[in-house]
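Asks: sequence plus the predicted model coming up.
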Amino acid sequence: MHKYETAVLEALRKGSGGLDIDALSEATKVGRDGIMWALENLKTNGFVEFKVETNKRMELTDEGRGYAENGLPEENLMRAVDKAGSVPVQSLKGEGNQIGLSWAKRKGFIEIKDGKVMLTADGKSALQKGIPESGVLSGLATGSEKSQGMNENLMRELLARKLITVSMRKGIVDISITDAGIKASSSARAGADQLESLDKQIIKTGKWKGRAFKPYDVSVPIGRKAAAKRHPLRQIMSQMRLAYTSMGFREISGPAIESSFWVFDSLFMPQGHPAREMQDTFYLSNPETLQLDAAPYLSSVKKAQETWWHQNWSLAEAKKAVLRTHTTSVSARYVYTAISDIVQHTSAYSLPIKRFSLGRVFRNENLDYRHLADLNMTDGIIIGKDLTLSNLFGVITKLYGSFGIKVKFKPSYFPFVEPGCEFYAYSENTKEWIEMGGAGLLREEITGIPRKDIRVLAWGAGLERILLIKDRSLKSVTELYGSGIGWLRDRKLS
């Protein structure tokens with residue numbers, strides 16, 4: 001028997017009856033939560049009996065607490081009028097006086113004649129006896145007021161004025177010990193000198209000598225234990241990382257705060273593109289701009305943008321700091337730094353080159369069960385000789401096949417790839433094809449690789465949608481970002 005249970009039984013055995021949770025807590029020096037836990041266990045074993053009642057619990061709001069300390073507006077107004085005999089209405093300016101005037105008039109405590117406020121007979125009587133609302137607020141402030149038996153009309157008025165809040169609270173009452181509980185308490189006292197466990201100190205001092213060990217019933221069922229589990233997003237990331245590396249890819253990474261140049265310009269996205277507007281992208285105010293360290297590349301991007309998009313290209317626009325909207329910016333940086341070595345075909349870069357990235361991205365989107373303002377994405381690139389769309393389709397099919405997901409492709413347009421496509425995954429849960437991401441061959445204007453036989457395959461996709469497809473219990477991606485951990489504890493390991 002746990003020491004809390006033993007303490008509760010002993011207190012009930014010694015008590016004269018009528019003990020409640022607070023009295024037991026005081027007698028045993030155990031907190032309320034510990035007492036309630038012990039009582040539930042003891043009742044299950046038939047050692048105690050009690051009733052559960054549901055009561056109203058009232059609490060003051062901030063406004064109600066202020067009135068409890070300083071008086072109700074109508075009460076303060078009535079005192080001022082009583083002291084002066086009458087008060088001109090025009091002199092009662094200010095929010096407090098207006099509130100007091102309204103409530104005092106509504107209750108019949110004052111009357112207004114010839115522009116003057118005077119107390120009525122009811123008002124004078126109320127001042128002498130005390131306004132009930134004031135007494136309730138003061139009682140709640142000191143902890144002496146209870147909700148039981150309170151006039152319902154008075155409670156409704158205080159609620160309507162937003163001076164109190166009322167909640168329902170279950171309480172344990174009429175706690176008593178049974179005959180079985182008395183026997184159990186006696187047995188517990190008899191075995192109080194028994195050892196429950198051994199530790200270094202008991203062994204070192206020899207205090208275990210001559211004492212019996214407490215017997216344990218190994219057949220008693222134990223409570224449910226919450227096993228440590230990885231968050232499903234972390235699990236998907238690990239599986240995706242394993243899928244990539246098993247295919248010969250190496251991981252690369254990049255900053256989440258990035259310049260517009262690497263997020264948009266380097267990917268052949270025109271500076272007037274709708275995706276670059278504030279309703280689609282999070283622009284930063286601190287830092288507002290970022291320095292660019294790709295001077296040779298800037299001129300080629302400027303030339304390509306102005307040649308093909310027929311509009312002036314702004315360096316100031318390219319320097320703007322944003323929260324990256326995709327992890328393709330990581331691939332763009334890598335391709336730029338690797339271009340010279342790729343062209344020279346040095347031993348440091350034996351083709352094909354396979355790289356992937358995983359990371360958080362941010363988009364100013366409307367939230368629904370598939371979309372969030374931030375999400376996790378993966379991007380992959382392969383740089384090699386004579387690569388085609390068939391190679392691209394094969395890699396993506398194998399990548400998602402490792403999750404047991406079937407994919408299909410259809411042509412689509414993206415500024416930075418030519419040709420381009422979208423790929424979809426089939427959900428057995430919803431019996432529909434869900435868009436996963438985009439892919440294609442990076443444009444020559446972006447890669448800057450003069451060798452026609454060297455091409456770059458690229459793709460990008462969200463990770464949360466894999467969970468939407470794989471997990472039948474998951475109805476929305478928003479469930480993955482809740483503050484409670486109960487759903488994670490109940491989640492089956494996969």
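Replies: Ah, there it is. Numbering: from 1, shown residues only.
Asks: helix, strand, or coil at the residue nearest to Ser314 when sequence neighbours are not counted?
Replies: Closest residue in space to Ser314, ignoring its immediate chain neighbours: Gln271 at 6.1 Å, by CB to CB, 6 or more residues apart in numbering. (C-beta placed from N, C-alpha, C; glycine too.) What DSSP: H, G, I helix; E, B strand; the rest coil gives for Gln271 is coil.
Asks: how close does Gln271 get to Ser299?
Replies: 16 Å (CB to CB, to the nearest Å).
Asks: of these two, which one has the most company?
Replies: In this view Gln271 and Ser299 are compared by other CB atoms under 10 Å, and Gln271 has more residues nearby, 17 against 10.
Asks: surely that one is in contact with Glu317?
Replies: Yes - using CB atoms under 8 Å, Gln271 is in contact with Glu317, at 5.1 Å.
Asks: give the residues shared as contacts by those two.
Replies: Asp265 (CB atoms under 8 Å, 6 or more residues apart in numbering).
Asks: the helix or strand that contains Phe393 packs against which elements?
Replies: Using DSSP states H and E, the element containing Phe393 is helix 389-401. Packed against helix 389-401 by the contact rule (3 or more CB pairs under 8 Å, 6 or more residues apart in numbering; DSSP states H and E) you find helix 232-246, strand 374-385, strand 407-414, strand 417-427, strand 432-442, strand 454-462.
Asks: how about the strands in the chain?
Replies: 48-60, 87-88, 110-113, 116-119, 164-177, 250-251, 257-259, 321-323, 353-362, 374-385, 407-414, 417-427, 432-442, 454-462 (DSSP state E).
Asks: now those strands as TSV including distance to Arg156?
Replies: Converted to TSV, those look like this (distance: least, CB to CB, whole Å):
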stretch	distance to Arg156
strand 48-60	12
strand 87-88	30
strand 110-113	23
strand 116-119	26
strand 164-177	10
strand 250-251	63
strand 257-259	54
strand 321-323	49
strand 353-362	47
strand 374-385	45
strand 407-414	61
strand 417-427	51
strand 432-442	51
strand 454-462	51
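Asks: pick the most buried one from the ones you listed.
Replies: strand 454-462 (a mean of 23; mean count of other CB atoms under 10 Å).
Asks: what does the residue nearest to Ser314 show for phi and psi?
Replies: phi -70, psi -10 (degrees, to the nearest 10).
Asks: check contacts around it.
Replies: Phe264, Asp265, Gln305, Gln311, Trp313, Ser314, Glu317, Ala318.
Asks: how close does it get to Arg211?
Replies: Going from Gln271 to Arg211 by CB to CB gives 82 Å.
Asks: Val8 too?
Replies: For Val8 relative to Arg211 (CB to CB), the value is 25 Å.
Asks: same deal with Ser187?
Replies: For Ser187, the distance to Arg211 - CB to CB - is 17 Å.
Asks: cool, and Lys470?
Replies: Applying CB to CB, the value for Lys470 to Arg211 is 55 Å.
Asks: what do you get for Pro232?
Replies: Taking CB to CB, one finds Pro232 at 49 Å from Arg211.
Asks: the more surrounded of those two?
Replies: Shown here are Pro232 and Arg211; by other CB under 10 Å, Pro232 has more neighbours (20 against 11).
Asks: next, the contact list for the more buried one, please.
Replies: Applying CB under 8 Å, 6+ apart, the residues contacting Pro232 are Leu467, Asp471, Leu480, Leu488, Arg491.
Asks: mind redoing it with 6 Å?
Replies: For Pro232, the contact set (CB atoms under 6 Å, 6 or more residues apart in numbering) comprises Leu467.
Asks: tell me the buried residues in the longest helix seen in the chain?
Replies: The longest helix of the chain (DSSP state H) is helix 328-344. Within helix 328-344, the residues that count as buried by 16 or more other CB atoms under 10 Å are Thr328, Ser329, Val330, Ser331, Ala332, Arg333, Tyr334, Val335, Tyr336, Ala338, Ile339, Ile342.
Asks: cool, stretch 466-473 as well?
Replies: Going by neighbour count (16+ other CB under 10 Å), the buried part of stretch 466-473 is Ile466, Leu467, Leu468, Ile469, Lys470, Asp471.
Asks: same question, stretch 237-250
Replies: Met237, Gln239, Met240, Ala243, Tyr244, Phe249.
Asks: how far away is the first one from Ile466?
Replies: Between Met237 and Ile466 the computed distance is 10 Å (CB to CB).
Asks: give me the pLDDT for the residue located most distally from the centre of the chain.
Replies: Going by CA atoms, centre = their mean, the residue of the chain most distant from its centre is Asp114, 60.1 Å out. Among the per-residue scores, Asp114 holds a pLDDT of 86.
Asks: what of Trp433?
Replies: 92.
Asks: ok, Leu367 next?
Replies: For Leu367, the model assigns a pLDDT of 66.
Asks: so what are the domain limits for this protein?
Replies: 75-128, 234-256+324-489 (automatic domain parsing).
Asks: the last one spans what distance, first to last residue?
Replies: Between the opening and closing residues of domain 234-256+324-489 there is a gap of 15 Å (CA to CA, to the nearest Å).
Asks: what does the helix or strand of the chain with the lowest mean pLDDT rub up against?
Replies: Among the helices and strands of the chain, helix 486-490 carries the lowest confidence by mean pLDDT, DSSP states H and E, at a mean of 72. Residues from elsewhere that reach helix 486-490 (CB under 6 Å, 6+ apart): Ala226, Lys229.
Asks: what's the answer for stretch 408-415, then?
Replies: Phe268, Met269, Phe393, Gly420, Cys421, Glu422, Phe423, Tyr424, Gly438.
Asks: and the spatially closest residue to the second one that is not a sequence neighbour, how many neighbours?
Replies: Here the nearest residue to Met269 in space, its sequence neighbours aside, is Pro415; by CB to CB, 6+ apart that works out to 4.8 Å. Residues lying near Pro415 (other CB under 10 Å) number 17.
Asks: next one: Gly448
Replies: 17.
Asks: distance of it from Glu277?
Replies: 28 Å.
Asks: JSON lines please, covering the buried residues of stretch 466-473 and showing pLDDT and distance to Ala104.
Replies: Formatted as JSON lines, those follow (pLDDT from 0 to 100; distance: CB to CB, whole Å):
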{"residue": "Ile466", "pLDDT": "89", "distance to Ala104": "65"}
{"residue": "Leu467", "pLDDT": "84", "distance to Ala104": "61"}
{"residue": "Leu468", "pLDDT": "80", "distance to Ala104": "60"}
{"residue": "Ile469", "pLDDT": "85", "distance to Ala104": "65"}
{"residue": "Lys470", "pLDDT": "81", "distance to Ala104": "66"}
{"residue": "Asp471", "pLDDT": "78", "distance to Ala104": "61"}
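Asks: between these, which sits nearest Gln90?
Replies: Leu468 (66.1 Å; CB to CB).
Asks: now do the contacts for that closest one.
Replies: By CB under 6 Å, 6+ apart, Leu468 lies in contact with nothing.
Asks: can you lay out the helices and strands packed on helix 389-401 as JSON lines showing distance to Ala104?
Replies: Shown next, in JSON lines, are the helices and strands packed on helix 389-401 (distance: least, CB to CB, whole Å):
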{"stretch": "helix 232-246", "distance to Ala104": "59"}
{"stretch": "strand 374-385", "distance to Ala104": "54"}
{"stretch": "strand 407-414", "distance to Ala104": "70"}
{"stretch": "strand 417-427", "distance to Ala104": "65"}
{"stretch": "strand 432-442", "distance to Ala104": "64"}
{"stretch": "strand 454-462", "distance to Ala104": "62"}
